[in-house]
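> Sequence and predicted structure below; questions after.
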Amino acid sequence: MPLYLKSAPSKSFTDSAQSDVAERVGSIIDEIRSDGDAAVRKYSEQFDKWSPDAFRLDDARVAEIMATLDQQVIDDIVFVQEQVRRFAQAQRDSLVDIEVETLPGVFLGQKHVPVQAAGAYIPGGKYPLTASAHMTIITAKVAGVARVVACTPPIRGEIPAATIAAMKLAGADEIYVLGGVQAVTAMAVGTETIAPVNLIAGPGNAYVAEAKRQLFGEVGIDLFAGPTEILIVADDHADPFLTAVDLLSQAEHGPESPAVLITTSRDLGEQVLEHIEQLLPGMSTRDYAEPAWRDWGQVIVVDDLDEAYALADSFAFEHVQIFTEEPRVALEKMHDYGALFLGENTCVSYGDKVIGTNHVLPTLGAARYTGGLWVGKYLRTVTYQQIVDPSSSALLGEVCGRAARVELFEGHARSGDARAWRHAGRTFPWIEESLAAGAGTR
């Protein structure tokens with residue numbers, strides 16, 4: 001049985017969420033549907049104290065904002081975006097269109113077609129999440145999306161300059177300083193000044209997540225998101241200080257962000273707990289990291305790595321770091337995770353900020369059935385069919401007629417019959433009756 005050096009309470013994230021979020025979000029969506037831009041402005045004023053002449057930034061204004069930034073900030077954004085773009089392009093290159101001939105003259109094909117318009121939500125709130133611009137906008141553009149609309153909220157009444165620069169450099173076609181439910185809804189349903197999109201991607205708070213949930217179906221979304229999660233699998237070779245630092249790196253995302261250590265070494269687990277106790281008081285983000293660790297942090301000791309990997313899979317966490325002597329073994333042993341970070345030279349923070357893989361990942365157990373945001377999310381895999389050999393059309397027609405009648409679909413059966421009649425001279429009573437009644441045919 002696992003030994004819990006620190007356990008989390010039995011409550012779940014959904015237990016702790018405000019019960020009125022869904023109702024509140026629904027009323028905002030309804031009002032924006034009916035009142036458009038007026039409702040968007042109303043809620044921007046109410047929630048962000050933000051009501052400019054126009055929410056959209058034109059090219060001249062974007063250039064002014066970018067000019068306020070140090071060149072090093074711009075250079076770093078460009079560097080990171082090169083990493084994201086390189087990996088996204090490799091993903092796109094792996095997706096090839098195909099066409100196969102399954103019977104003589106029967107051609108079946110598959111194409112990957114981008115959505116025509118996508119919305120990118122880049123959160124603000126306490127932190128300007130500049131990196132989310134890279135993940136949502138660049139990935140869409142590499143996929144071939146023609147129109148990318150990007151929204152980010154003001155932060156304490158100010159335009160987040162670095163985020164705007166990242167949106168522009170990533171290739172956003174329209175940039176709006178607009179946040180929250182009002183931004184997501186405007187992109188999804190459209191207003192007088194914002195044309196609707198086909199898919200919305202990007203993280204956000206509980207209200208943004210709920211807006212995406214309620215609008216899903218009317219518009220596509222990347223995935224349903226909850227608090228950021230980190231889990232570390234470690235053996236006795238792991239560095240307890242690095243382990244503690246990395247657990248807290250994700251706890252600072254918010255007070256409900258779980259951070260879990262599963263280890264084969266009780267000594268390591270106890271040292272990690274000591275380091276966290278020493279590190280937390282000095283963190284500038286302690287107001288988030290401390291309650292996250294207090295309420296959601298866990299340290300679990302298991303007998304061996306096979307048990308560790310199995311237990312880690314049961315969490316199905318967003319981020320999983322592997323601090324073991326042979327970290328790549330996890331690629332074979334583990335199945336349910338958003339992203340793996342192999343070895344102590346690799347950390348979740350790299351994935352969040354600089355390394356190039358996408359940081360929009362499944363949470364709340366969704367890793368059991370989906371991966372994270374990637375180029376393929378912006379693509380629709382569609383098929384086409386063509387038969388140029390009449391004898392193959394006749395053959396398929398005969399089989400179609402029989403198969404459809406088993407299911408009592410007479411209309412479907414007749415479509416098949418007609419090809420077997422035309423191309424192979426087969427006879428069918430319903431066709432003879434129809435022709436006898438005087439219906440012509442070509």
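Alright, I've got the coordinates. Just so we're clear, the structure is a prediction, and the values are computed from it rather than from any experiment.

> what stretches of the chain score poorly on pLDDT?
Across the chain, the ranges flagged by pLDDT under 70 are 10-19, 439-442.

> measure the closest residue to Cys347 other than its chain neighbours to Ser7 for me?
Nearest non-adjacent residue to Cys347, counting by Cβ to Cβ, 6 or more residues apart in numbering: Asp246, 5.3 Å away. From N, CA and C alone the C-beta is placed, and that goes for glycine too. Using Cβ to Cβ, to the nearest Å, Asp246 is found at 20 Å from Ser7.

> The two: which has the busier surroundings?
Shown here are Asp246 and Ser7; by other Cβ atoms under 10 Å, Asp246 has more neighbours (25 against 11).

> right, and the more buried one touches Ile230 too?
Yes. Using Cβ atoms under 8 Å as the test, Asp246 is close enough to Ile230 to be in contact (7.1 Å).

> which residues do the two both contact?
Gln321, Val348 (Cβ atoms under 8 Å, 6 or more residues apart in numbering).

> same for whichever strand or helix holds Ile200, what does it pack against?
Ile200 is part of strand 199-201, with elements assigned from DSSP states H and E. For strand 199-201, the packing partners by 3 or more Cβ pairs under 8 Å, 6 or more residues apart in numbering; DSSP states H and E come out as strand 117-121, helix 180-189, strand 220-221.

> Looking at these, spot the one closest to Phe107.
Nearest to Phe107 among the helices and strands packed on strand 199-201 is strand 220-221; the distance by Cβ to Cβ comes to 29.1 Å.

> Could you name the helices and strands sitting against that closest one?
For strand 220-221, the packing partners by 3+ Cβ pairs under 8 Å, 6+ apart come out as strand 199-201, helix 206-215.

> would you list these in a markdown table and tack on distance to Phe323 and mean neighbour count?
As requested, the helices and strands packed on strand 220-221 are exported to a markdown table (distance: least, Cβ to Cβ, whole Å; neighbours: other Cβ atoms under 10 Å):
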| stretch | distance to Phe323 | mean neighbour count |
| --- | --- | --- |
| strand 199-201 | 31 | 25 |
| helix 206-215 | 30 | 22 |
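
> Turn those into a markdown table, including distance to Phe315.
Formatted as a markdown table, these follow (distance: least, Cβ to Cβ, whole Å):
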| stretch | distance to Phe315 |
| --- | --- |
| strand 199-201 | 24 |
| helix 206-215 | 20 |
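
> so which of these gets nearest Thr185?
For the helices and strands packed on strand 220-221, the distance to Thr185 is smallest for helix 206-215, at 6.0 Å, taking Cβ to Cβ.

> what about the residue lying closest to Ser265 once chain neighbours are set aside, neighbour count?
Closest residue to Ser265 apart from its sequence neighbours, by Cβ to Cβ, 6+ apart: Asp236 at 4.0 Å. The number of residues packed near Asp236 is 12, by other Cβ under 10 Å.

> ok, Asp236 to Thr346 distance?
Applying Cβ to Cβ to Asp236 and Thr346 gives a distance of 19 Å.

> likewise Val399?
Computed as Cβ to Cβ, the Val399 to Thr346 distance reads 53 Å.

> And for Ala188?
Noted for Ala188: a distance of 36 Å to Thr346, by Cβ to Cβ.

> Just put the helices and strands packed on strand 199-201 in JSON lines and tack on distance to Gln81.
Shown next, in JSON lines, are the helices and strands packed on strand 199-201 (distance: least, Cβ to Cβ, whole Å):
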{"stretch": "strand 117-121", "distance to Gln81": "13"}
{"stretch": "helix 180-189", "distance to Gln81": "22"}
{"stretch": "strand 220-221", "distance to Gln81": "23"}
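
> can you list these in CSV and add mean neighbour count and distance to Gly269?
Output for those, formatted as CSV (neighbours: other Cβ atoms under 10 Å; distance: least, Cβ to Cβ, whole Å):
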stretch, mean neighbour count, distance to Gly269
strand 117-121, 28, 38
helix 180-189, 27, 40
strand 220-221, 21, 38
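
> Val100 is nearest to which of those?
strand 220-221 (28.1 Å).

> For that closest one, what is the distance to the chain centroid?
Remark: strand 220-221 is offset 9 Å from the chain centroid, using Cα atoms, centre = their mean, to the nearest Å.

> Now the element after it, going C-ward?
Next along the chain after strand 220-221, taking DSSP H and E as the criterion, comes strand 230-234.

> buried residues in the lengthiest helix in the chain?
In the chain, taking DSSP state H as the definition, the longest helix is helix 71-93. Residues of helix 71-93 classed as buried by neighbour count (16 or more other Cβ atoms under 10 Å): 73-74, 76-77, 80-81, 83-85, 87-88, 91-92.

> again, but for stretch 121-140
Quick answer for stretch 121-140 (16+ other Cβ under 10 Å): 121-125, 128-140.

> just the strands in the stretch 201-350 of the chain please.
Using DSSP state E, counting those that start in this stretch, the strands of the stretch 201-350 of the chain run over 220-221, 230-234, 259-263, 298-301, 319-323, 339-342.

> In TSV: these, plus distance to Tyr288.
Shown next, in TSV, are the strands of the stretch 201-350 of the chain (distance: least, Cβ to Cβ, whole Å):
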stretch	distance to Tyr288
strand 220-221	25
strand 230-234	14
strand 259-263	12
strand 298-301	18
strand 319-323	17
strand 339-342	21
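
> Select, out of the ones you listed, the one closest to Leu103.
Per Cβ to Cβ, nearest to Leu103 of these: strand 220-221, 34.6 Å.

> so what's Ala150 bridging to?
Judged by DSSP bridges, the bridge partners of Ala150 are Ala120, Ile175.

> which residues touch it?
Counting by Cβ under 8 Å, 6+ apart, Ala150 makes contact with Gly119, Ala120, Ile122, Ala133, Thr136, Ile137, Met167, Ala170, Ala172, Glu174, Ile175, Tyr176.

> which of the residues you listed lies closest to Val302?
For the contacts of Ala150, the nearest to Val302 is Thr136 (37.0 Å; Cβ to Cβ).

> Quick check: nearest residue in space to that closest one, chain neighbours excluded?
Nearest to Thr136 is Ala120, by Cβ to Cβ, 6+ apart, at 3.7 Å.

> Let me see the contact set for Ala367.
Counting by Cβ under 8 Å, 6+ apart, Ala367 touches Ala316, Phe317, Glu318, Asp336, Tyr337, Gly338, Leu361.

> now swap in Glu101 and tell me
Applying Cβ under 8 Å, 6+ apart, we find Glu101 in contact with Phe107.

> State whether it is indeed within a helix.
No. Applying DSSP: H, G, I helix; E, B strand; the rest coil, one finds Glu101 to be strand, outside a helix.

> Give me the distance between it and Tyr369.
Taking Cβ to Cβ, one finds Glu101 at 34 Å from Tyr369.

> likewise His112?
For His112 relative to Tyr369 (Cβ to Cβ), the value is 22 Å.

> Looking at the two, which has the bigger crowd around it?
Using other Cβ under 10 Å as the criterion, His112 and Tyr369 rank with His112 on top: 18 against 9.
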